Every structure is written in C-alpha cells, then in structure tokens.
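Engineer: Mind looking at a prediction? Sequence and model below.
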Amino acid sequence: MEDDSAVYLAPHITNQPAAGSSVTGNDYAAASTAGARQHSVFGSEQGAAAASSSSTLSSSSSTAGRLHPIAPALQALLLGWAAQIKKGTSHDDLQQWQMAPFVEAVLQQQSTQYMLHATARLLKCRHEKARGRTRERALMQLEQLCNALESRQPPMTVRLPYCHCVRFPLWPLLKKELAEFYIALGFVGAALKIFESLEMWDQLILCYQLLDRKQVALELVQQRLQVTPDNAKLWCVLGDIQQQDQHYEKAWQVSNRRSARAQRSIGKSALQRKEYSKAAAAYKLALGLNPLYPDVWFALGFCYLKLKDNSNALQAYTKVTQLEPENGEAWNNLAALWLQPSGYKEALHAAEQAIKHKRDNWQTWDNYATAAAKAGAMAACVRGLNKVLELTNGQHLSLDTLSSLLSQLEQENQFLTQPDDSAAAVAAAEAGSATADDEQSEETMDAPEQLLHLLNVTHKLSAEQQQQDNTAQKVSAIAAADTALAARQRTYDQVLSTAGTLLKSAISAPACTHEVWGLLGRWYSLKGELLSSQEAALKQVRALQSSPYKSNPTAFAVMAAASLRLCRAYLASSAAGRQGGLRELSAARMHLRGLLKQCEEAFGDKQLYKELHKLLGDVLQAEDAALAAKRAAAAE
C-alpha cells in the first residue's frame, strides 16, 4: 500500500516548543467556539450526515480554513474533553457522536503537534470502525497511521511534545488493535503475522484455530507449555484443541483454583454433554471468580431450568439483564419464569423489555400476550396476539390466551351493564354524612350541661357549611365515578373491536381450528349479534363432526360443550321471538337426539350427557309452545 501518511498526520508541524506555548483568552474562546460549532452540527441527524461526509476531508481542506487557529494546549484540552466523555458515559453509538466534535476540531487545524493529530486520528478510526459503511476507510486510516508511526521521520524532537498530554497507546498495543481489527474483518492471515511479530502466543493460537490449522496450533501450544508449564491459559487452549476436560482440570490446578477460564470451559463441555448439574457447579465457580460474564450467567440459568430449579434460574437471568439490559432472550426467559409463581406484573414488565429488543420473534410476543392476559392488561394482550399471528403468517395463535381475553371481556361487560355506579357513590357519600351526624349527636349527649348552649350555637353555624361540603362531596363522587366508568367503557370498546378483527383474521388463517369458531361465537355474543353467534357455533359443531367424540372422553367433552352452546343460542333466539325460531328449535332437537344416541353407550353416566338430555327436554318444551302459538295464530 502506498504510504500517504502525510494526509493522516499533520500537514504542518509547528516548531513551537511545548514549554513556550501560550494560551490567550481568544484562543480559549476559539476552542470553545469550534467545539460548540462541531457539537451543534453533530447533534442532529443532518449533522451526523455532515460529520460522515466531512470525515473524508484532509486537514488542509476548506473547512479548516473557516476555523480559528487553536493553540496546541487547547487542542490537547479538546482531546481531554473527548476522553472524559468516553470515561463518563455508557459505551454506545451516542458516545462516539458526543466525542466527534472535539476530535474533528483538532483534525481540521492547519497547525498542530504530531501526537495531538495522531491521537485525534486514532479516535476517528475507532469511531468509524464501529459503522459498517465506514469500516473499510477506518482500516486504511489505521494502517497508514501505524506505517507513519513506524517510519523514522519526523525525528523524535518533533514527536515527543505533548505526548504526555494525550492518551495514546504503546506501539505493541496499537499493532494489537490493528490485528484485532483484521480478525473482525476476516483478514486472519494479516493478523497472524502481527501477533507472531509481537510474540502474542494466545492470539496467535487463536488465529491458527480460525484458519483450521489445528496441528500447527497444537505444536505451538506444546512448545509454549515447555517454556511456561504453569500457564493456565495455554492448558485451556490445549483442552479446546483436543476437546479433553483433563486439560481444563490441569489449568484449574496450576492456577491454584483461580482460573475462571478453566471452569467456564468445564461448564461448556458439560453442557454440551447435557450434564446440567456438573455444568451448573462449574459455572458457579467461574462466576464466583469473575461475575462480569452475561453469557455465562445465561448458560447457568439454562442449566437451572433443565434442573427445574426455577428460583436460581430467576436469579441468574436477572443478573443477565443487569449486566446486559439489551438481551431480549434473557428478558423473555425471565417473563416465562415470573409467570409460574404468579408474579404477573413482574412477568409483564419483563415481557415488555423483551419485545423492545426482539421485536421479530413471535415466541417473545406470545409470552408478552400471555403475561398481559394474566395481569389483566387486555389491550396489551390483544396487541401481542395480533403480532404473533402476523409474524407467523397465521400459523400460530395461542387459543388459551385468547380464551382468557374473552373471559375478561365478558366479565367487563357484566360490570359495565350493571346499574350506574354513580348511585352507589351518592349512597356512600350520604352514609358518610349520616355517620358524621350521628357522631355529632353522640358528642352533644355526652357533653356537660354548661356546654350544651355553646355546642348548639356551633352546630347551627356549621350546619350550613357541612351541608355544602356534603353536596360537593356527592358531586365529586358522582363525577369521579362517571369519569372512571367512561374510561373503562372506552377501553372495553377498543379491545372488543381489536379482538374481533383478530378473530376474523384467524378464521381464514392456517391456525384456524374448531376452537377459533367457538371463540368467535363468544365474541359475537358480546356484540349482541345472536344470529352471527349461532352461525359461528354451528360451524364449530360441524368442525367437530370428524373428531372421535363417540369414544374419546376429551373429544366428547368438547363436542358436548359446543352443542350446549349452540342449542342454548337456538333457545335464546326462539325466546326473543325471532323469525325462524321454530325451524331452529327443530334443528336443535334433531342434533341433540342424534348426539345422545351416539354417545349413550360410552358416556351415558357422565354429567355432560345428563346436561344434554335436560337441554333436549327444554328444547322439546319450547318447540311445543311455539307450535301451540302458531296454531292459535292460524285459528284466529
């Protein structure tokens, strides 16, 4: 690669010695203005695009000409501010953008010091290598920076000033950073040469393993073990190559039981063999030495799940979410665990965190819907069910959760159709007023005679005010009750409408079964559409005709429940005087007689069979009454 390091180091190195540099008020103001100007640019999305485009400009670009010259001491201060941001904020994408204005202000100076510009260039490379579209450019800049630092020019007298004012890595660490960047981009061969020149044997062995040159790696490990036989890391690497736990045990021994790496390897090997007890014990030892490994906590939680130790699994996954809040799988497992001890609110909170980070996983949304149904959050439940149906293209739908949702809607409908709660609020207020009056009377009866006159006067003065307070309390109670009732009604209507859309989508999806038709019938009943409810119940019964209900107890129970629902709907329709009621009663009679005859031998002594027989009697009675009314009407 052609060495054009002049582009990446300062185009003009000042000859001003570090001790002789002076900082004026104008210089400080210029530095502050430059940092503020850059921060205002990079603080928005348009600024982010401008920062990306300006990163390709050299220090001699026209942009630098617009900046006021900044003294080297203030340039070092700008880099110090950038380092403080890195130290004082969380490591995320926003952190690099917060540092970018200060770094750019130094890079765009026409006159600077060698180490200041090199540090700013390194910080820019670290920023750009974290983004996909600038990663290749960051690699080229880091290569050219290393080449420039490796050359003999400029001399040491130019390089040394301000070297203690910046946080610049030592030469081996900078080369190691370049090699790790090579590995991240897949250039393992280039990284191997650097690690070999730096004699970093652990990383060199890793490169051989990545290149599938296990024999070369094995020979190198054995050579290094002859030099340092007490190196626990080398014993662990030997165990990785040969897949033998005895080398991990050896590493544990030579480290005086202080090698967390050895226990993690033992746990991983045991987990692969499904030896969950041994794996859990090894992971606990490893985390006792170094607990800052979220992946190990996750594996420990999985082992506890397999061992049915939900309490310890809950603690392990909680630790994962503390160390790695963006781990959606840990939040999802945490929600599933909270559902078992009836911690529904905690489960819903965990499921909400899970869907933030795993929005395209239908199992996560399914757990979210289940937790919402258990916690009574109907709107969240129907939202989760809709998302499951969408992500699975209609292949999956939790019918138990949907049934629980409809049960909650039925309970809410019963509450909303009761007499207005305002009357209850008024009664409560009046009861409170009566209690106060009784207390006042008791106080009057117990008072001495000389105080009776004073109490009567006080009572007359406060009677009018108390009456006003009672009236205001009644009005306030009525208003609060009406507001709460209206809010519940709006929520109920929204959830009911969304649930209907979900059910209508489900009946045309691959996940549609007889249960979906039954749930749809219940929904139509909530809407007050009895004819549509009958049709849905009839389709459910027809879907069950192919089931083994004549001999299987479970299938008979399902068929009997669907038949009871259908025939009761026919009875309700006939009682309401709808047209065609006699025909519906006749259909109910024939269906019940046929079902009872088919199931009498196997389930004649069951309670459901007796309920069907009793319902048949009610249908016959209603049919006789309808026929009598029809004859009477014809005679008239």
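Structural biologist: Yep, that arrived. A quick note: this is a predicted structure, and the numbers were derived from the prediction, not measured.
Engineer: CA atoms for contacts and neighbours, from now on please.
Structural biologist: Noted.
Engineer: residue ranges with poor pLDDT in the stretch 451-600 of the chain?
Structural biologist: Applying pLDDT under 70 to the stretch 451-600 of the chain flags the ranges 451-464, 469, 579-580.
Engineer: That one: helices as residue ranges?
Structural biologist: 514-527, 530-543, 553-575, 581-603 (DSSP state H, counting those that start in this stretch).
Engineer: Any chance of a markdown table for these, columns distance to residue 613 and mean neighbour count?
Structural biologist: Shown next, in a markdown table, are those (distance: least, CA to CA, whole Å; neighbours: other CA atoms under 10 Å):
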| stretch | distance to residue 613 | mean neighbour count |
| --- | --- | --- |
| helix 514-527 | 22 | 22 |
| helix 530-543 | 17 | 20 |
| helix 553-575 | 10 | 19 |
| helix 581-603 | 7 | 17 |
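Engineer: Residue 377 is nearest to which of those?
Structural biologist: Closest approach to residue 377 among the helices of the stretch 451-600 of the chain is made by helix 514-527 (18.0 Å; CA to CA).
Engineer: Just the CA atoms of the closest one, as PDB, please.
Structural biologist: This file holds the C-alpha atoms of helix 514-527, laid out as PDB (Å, rounded to 0.1, in the frame of the first residue of the first chain):
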ATOM      1  CA  HIS A 514     -62.900 -25.500  15.800                       C
ATOM      2  CA  GLU A 515     -61.900 -23.600  18.900                       C
ATOM      3  CA  VAL A 516     -61.500 -20.400  16.900                       C
ATOM      4  CA  TRP A 517     -65.100 -20.700  15.700                       C
ATOM      5  CA  GLY A 518     -66.200 -21.100  19.300                       C
ATOM      6  CA  LEU A 519     -64.300 -18.000  20.400                       C
ATOM      7  CA  LEU A 520     -65.800 -16.100  17.500                       C
ATOM      8  CA  GLY A 521     -69.200 -17.100  18.600                       C
ATOM      9  CA  ARG A 522     -68.500 -15.800  22.100                       C
ATOM     10  CA  TRP A 523     -67.300 -12.500  20.600                       C
ATOM     11  CA  TYR A 524     -70.500 -12.200  18.600                       C
ATOM     12  CA  SER A 525     -72.500 -12.700  21.800                       C
ATOM     13  CA  LEU A 526     -70.600  -9.900  23.400                       C
ATOM     14  CA  LYS A 527     -71.500  -7.700  20.500                       C
END
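Engineer: Switch the helices of the stretch 451-600 of the chain over to TSV; also include distance to residue 373.
Structural biologist: Below are the helices of the stretch 451-600 of the chain laid out as TSV (distance: least, CA to CA, whole Å):
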stretch	distance to residue 373
helix 514-527	16
helix 530-543	24
helix 553-575	23
helix 581-603	35
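Engineer: For the stretch 51-200 of the chain, which segments count as helices?
Structural biologist: Going by DSSP H, counting those that start in this stretch, the stretch 51-200 of the chain shows helices at 62-65, 72-88, 93-107, 114-128, 135-150, 156-159, 171-184, 188-198.
Engineer: Nearest approach to residue 267 belongs to which of those?
Structural biologist: Of these, nearest to residue 267 by CA to CA is helix 171-184, at 26.7 Å.
Engineer: The closest one: which residues count as buried?
Structural biologist: Neighbour-count burial for helix 171-184, counted by 16 or more other CA atoms under 10 Å, picks out 174-183.
Engineer: so who does residue 513 touch?
Structural biologist: 507, 543 (CA atoms under 8 Å, 6 or more residues apart in numbering).
Engineer: thinking again about what came up before, can you list the helices of the stretch 51-200 of the chain in JSON lines and add mean pLDDT?
Structural biologist: Shown next, in JSON lines, are the helices of the stretch 51-200 of the chain (pLDDT from 0 to 100):
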{"stretch": "helix 62-65", "mean pLDDT": "42"}
{"stretch": "helix 72-88", "mean pLDDT": "85"}
{"stretch": "helix 93-107", "mean pLDDT": "84"}
{"stretch": "helix 114-128", "mean pLDDT": "88"}
{"stretch": "helix 135-150", "mean pLDDT": "89"}
{"stretch": "helix 156-159", "mean pLDDT": "85"}
{"stretch": "helix 171-184", "mean pLDDT": "91"}
{"stretch": "helix 188-198", "mean pLDDT": "89"}
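Engineer: Identify whichever of those lies nearest to residue 215.
Structural biologist: Of the helices of the stretch 51-200 of the chain, nearest to residue 215 by CA to CA is helix 188-198, at 15.5 Å.
Engineer: neighbouring contacts of the following helix or strand past the closest one?
Structural biologist: Once helix 188-198 ends, the next helix or strand along the chain (criterion: DSSP states H and E) is helix 201-210. By CA under 8 Å, 6+ apart, the residues outside helix 201-210 that reach it are 188-189, 191-192, 195-196, 214, 216-217, 220-221, 233-234.
Engineer: Can you pick out the most distant pair from those?
Structural biologist: Pairwise distances across the contacts of helix 201-210 peak at 22.5 Å for 189 and 233 (criterion: CA to CA).
Engineer: The two: which has the busier surroundings?
Structural biologist: Comparing residue 189 with residue 233 by neighbour count (other CA atoms under 10 Å), the higher total belongs to residue 233, at 18 against 15.
Engineer: Tell me which of the helices of the stretch 51-200 of the chain sits nearest to residue 486.
Structural biologist: Between residue 486 and these, the shortest gap by CA to CA is with helix 93-107, which sits at 43.4 Å.
Engineer: ok so, going back, in CSV: the helices of the stretch 51-200 of the chain, plus distance to residue 476.
Structural biologist: Shown next, in CSV, are those (distance: least, CA to CA, whole Å):
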stretch, distance to residue 476
helix 62-65, 66
helix 72-88, 51
helix 93-107, 49
helix 114-128, 59
helix 135-150, 64
helix 156-159, 79
helix 171-184, 67
helix 188-198, 75
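Engineer: of those helices, which approaches residue 388 most closely?
Structural biologist: helix 93-107 (30.7 Å).
Engineer: buried ones in that closest one?
Structural biologist: 95-107.
Engineer: As TSV, those residues with distance to residue 282 would be great.
Structural biologist: Output for the buried residues of helix 93-107, formatted as TSV (distance: CA to CA, whole Å):
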residue	distance to residue 282
95	36
96	38
97	41
98	41
99	41
100	44
101	47
102	47
103	45
104	48
105	51
106	50
107	50
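Engineer: And the residues you listed, which is closest to residue 528?
Structural biologist: Among the buried residues of helix 93-107, residue 95 lies closest to residue 528 (CA to CA), at 56.8 Å.
Engineer: contacting residues for that closest one?
Structural biologist: Per CA under 8 Å, 6+ apart, neighbours of residue 95: 85-86, 89.
Engineer: Which entries within these meet the buried criterion?
Structural biologist: Applying 16+ other CA under 10 Å to the contacts of residue 95 flags 85-86 as buried.
Engineer: on that earlier part again, so can I have a markdown table of the buried residues of helix 171-184 showing distance to residue 549?
Structural biologist: Listed next are those as a markdown table, based on distance: CA to CA, whole Å:
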| residue | distance to residue 549 |
| --- | --- |
| 174 | 75 |
| 175 | 75 |
| 176 | 71 |
| 177 | 70 |
| 178 | 71 |
| 179 | 69 |
| 180 | 66 |
| 181 | 66 |
| 182 | 66 |
| 183 | 63 |
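Engineer: Determine which of the helices of the stretch 51-200 of the chain approaches residue 554 most closely.
Structural biologist: helix 93-107 (56.0 Å).
Engineer: Now do the closest one: distance to the chain's middle.
Structural biologist: 30 Å (CA atoms, centre = their mean, to the nearest Å).
Engineer: what about the closest residue to residue 129 other than its chain neighbours, neighbour count?
Structural biologist: Excluding its sequence neighbours, the residue lying closest to residue 129 (CA to CA, 6 or more residues apart in numbering) is residue 135, at 4.3 Å. The tally of other residues near residue 135 (other CA under 10 Å) stands at 18.
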